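Colleague: got a structure for you, letters missing:
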């Protein structure tokens, strides 16, 4: 395999999809050496089959707003690969959603799910509909209309969607209710469900908690832990909230968080009381993070990201490409020793090179944020066996999964000088499992 040749061909066939091309390039550049040890892969054209989704669904979604006007959005589902299990991946409702972003997310999800040790394939979906500023009734009508099209392409043993940006418990409930009405069956078709109807304990916390469990495993390799470490967190949604919660629990200090309008810097630290306020502000009132600065009298910077502030650890937990080369250099200059990604692909390729050249601990999202989909997989298991596990049982399983992912990254990513290239480790470990499953199943 020649990675650049494969990428050039994909760019020709699928133009104007930069996020998808970026994700493919990042993976191919790290697996090329391992791939070329297996000539049977090339004979089966494995790399092209792995890069191109199995199928892509696009559909129009019509819904009625509260004023009685009919509105139209686009809906998507990318079923990328099901070699090791049913398609699995979130639904994202956000104005930025397009085919390129969802293809990159589905591609990444395939390797992330492979790393979890659970039998799940990769998928992603969503819409350019944004729940922000919409009433509950408008969100419900949109979700019902969205599921009217999606339901025919999913199923508990076919494709199990979950939540993502803009899709929380409210949206999952409306989507699940519509699927149940259409199919006349009660099945574990979505994950992230309410506890009352098949959800799993620890699911809301899982991505944030898992990220910190992975971070602690990385820190152990340097004989360190989180106690007394100052953490820079971006985002203020689900992932950021539970990332901050676990950092506090383990003795760290969080000084920043953000939303799409800007970020706050609180040098005194975001303690439990302040975190409770953020959770109420964001989850209940859907407010803006600047209100935190107004309440607690700390710095707020509009239209910016928190990477210029001083800290020991960076935990990007917002969205893709939020740390660029300039941001990465600022983080290194300010003495950051570790970056662990709670979001999907939040660092640009140039930023990743800066981190790796500085030899700091750097964990890519497909490894560090796999806790969310891991507990989604555990929710699927509980639904299948018609049992529910305690929060402690799920949390212990989550810790075990994140430790296994870290071990796989170390196994495949340790370089000659002892530095662990977690990007390479995660990509090769995830790729080899999917590749072997595809080879075993033939060329169909």
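Modeller: All right, it came through fine. Here the structure is a predicted model, which is why all the values come from computation and not from measurement.
Colleague: and the end-to-end length of stretch 222-237?
Modeller: As for stretch 222-237, its first-to-last residue distance stands at 30 Å under the measure CA to CA, to the nearest Å.
Colleague: Give the rounded mean pLDDT of it.
Modeller: The average pLDDT within stretch 222-237 is 97.
Colleague: Check the offset of it from the chain's centre.
Modeller: 19 Å (CA atoms, centre = their mean, to the nearest Å).
Colleague: Could you do stretch 362-378 as well?
Modeller: Using CA atoms, centre = their mean, the offset of stretch 362-378 from its chain centre is 7 Å.
Colleague: and it, which residues are buried?
Modeller: For stretch 362-378, a neighbour-count test (16 or more other CB atoms under 10 Å) marks 362-378 as buried. To be clear about C-beta, it is placed using only N, CA and C from the backbone, and glycine gets the same treatment.
Colleague: Who's the closest spatial neighbour of the most centrally placed residue in the chain, skipping the chain neighbours?
Modeller: Here the mean C-alpha position of the chain is nearest to the C-alpha of residue 344 (CA atoms, centre = their mean), at a distance of 4.4 Å. Nearest non-adjacent residue to residue 344, counting by CB to CB, 6 or more residues apart in numbering: residue 365, 4.9 Å away.
Colleague: If we go by neighbour counts, what in stretch 171-188 is buried?
Modeller: Applying 16+ other CB under 10 Å to stretch 171-188 flags 171, 172, 173, 174, 175, 176, 178, 179, 180, 187, 188 as buried.
Colleague: Max pairwise distance over these: which two?
Modeller: 171 and 187 (18.4 Å; CB to CB).
Colleague: Report the contact partners of residue 286.
Modeller: residue 132 (CB atoms under 8 Å, 6 or more residues apart in numbering).
Colleague: Find me the pLDDT at it, would you?
Modeller: In this model, residue 286 carries a pLDDT of 85.
Colleague: now do residue 178
Modeller: 98.
Colleague: A helix includes it, no?
Modeller: Yes. Assessed with DSSP: H, G, I helix; E, B strand; the rest coil, residue 178 lies in a helix.
Colleague: In contact with it, which residues?
Modeller: If you count contacts by CB under 8 Å, 6+ apart, then residue 178 has 143, 144, 147, 148, 151 around it.
Colleague: hey, where'd the strands end up in the stretch 51-200 of the chain?
Modeller: Here the stretch 51-200 of the chain has its strands, by DSSP state E, counting those that start in this stretch, at 55-64, 70-81, 87-93, 122-127, 159-162.
Colleague: Direction included, what does the third one pair against?
Modeller: The reference is to strand 87-93. Strand 87-93 sits in its sheet next to strand 122-127 (parallel), strand 159-162 (parallel), going by DSSP bridges.
Colleague: how about a markdown table for these, with mean pLDDT, mean neighbour count and distance to residue 239 added?
Modeller: Formatted as a markdown table, the strands paired with strand 87-93 follow (pLDDT from 0 to 100; neighbours: other CB atoms under 10 Å; distance: least, CB to CB, whole Å):
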| stretch | mean pLDDT | mean neighbour count | distance to residue 239 |
| --- | --- | --- | --- |
| strand 122-127 | 98 | 30 | 16 |
| strand 159-162 | 97 | 25 | 13 |
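Colleague: got CSV for those strands, with distance to residue 83 too?
Modeller: Shown next, in CSV, are the strands paired with strand 87-93 (distance: least, CB to CB, whole Å):
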stretch, distance to residue 83
strand 122-127, 9
strand 159-162, 14
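Colleague: For residue 251, find the nearest of those.
Modeller: Nearest to residue 251, of those and by CB to CB, is strand 159-162 at 30.9 Å.
Colleague: Excluding chain neighbours, give the residue nearest to residue 156 in space.
Modeller: residue 187 (4.5 Å).
Colleague: Please list all residues in contact with that neighbour.
Modeller: 155, 156, 383.
Colleague: Unless I'm misreading it, the first one sits right up against residue 189, doesn't it?
Modeller: Yes. In this structure, residue 155 is within contact of residue 189 by CB atoms under 8 Å, at 6.6 Å.
Colleague: What is the neighbour count of residue 57?
Modeller: Using other CB atoms under 10 Å, residue 57 has 17 other residues around it.
Colleague: sorry, that was for residue 312
Modeller: By other CB under 10 Å, the residues close to residue 312 number 18.
Colleague: Now do the strands in the stretch 251-400 of the chain.
Modeller: Under DSSP E, counting those that start in this stretch, the stretch 251-400 of the chain gives strands at 253-259, 262-265, 299-302, 313-315, 338-340, 361-363.
Colleague: Could you report the pLDDT at residue 2?
Modeller: pLDDT, residue 2: 88.
Colleague: Report the buried residues of stretch 27-40.
Modeller: 27, 28, 29, 30, 31, 34, 35, 38.
Colleague: if we can go back for a sec, and the strands of the stretch 251-400 of the chain, which is most packed in?
Modeller: Among the strands of the stretch 251-400 of the chain, ranked by average contacts under mean count of other CB atoms under 10 Å, first place goes to strand 313-315 (a mean of 29).
Colleague: in its sheet, what does that strand sit against?
Modeller: Strand pairing for strand 313-315, determined by DSSP bridges: strand 230-233 (parallel), strand 338-340 (parallel).
Colleague: So which residues of the stretch 301-444 of the chain form helices?
Modeller: Shown for the stretch 301-444 of the chain, the helices assigned by DSSP state H, counting those that start in this stretch span residues 325-333, 349-357, 365-368, 371-385, 391-413, 422-440.
Colleague: One more: the stretch 151-300 of the chain?
Modeller: In the stretch 151-300 of the chain, the helices defined using DSSP H, counting those that start in this stretch lie at 169-183, 206-220, 238-249, 272-279, 290-296.
Colleague: pLDDT below threshold where in the protein?
Modeller: Within the chain, no stretch has pLDDT under 70.
Colleague: per-domain residue ranges of it.
Modeller: Domain ranges of the chain: 53-186, 206-368, per automatic domain parsing.
Colleague: so which of the ones you listed comes closest to residue 387?
Modeller: Of the domains of the chain, nearest to residue 387 by CB to CB is domain 53-186, at 15.2 Å.
Colleague: Figure out how far that closest one is from the centre of its chain.
Modeller: 14 Å.
Colleague: distance between the ends of that domain?
Modeller: Start-to-end span of domain 53-186 (CA to CA) is 29 Å.
Colleague: Break down the stretch 1-150 of the chain into its helices, ranges please.
Modeller: 3-13, 18-35, 39-43, 46-51, 99-115, 136-150.
Colleague: Of those, flag the one that's most buried.
Modeller: helix 99-115 (a mean of 26).
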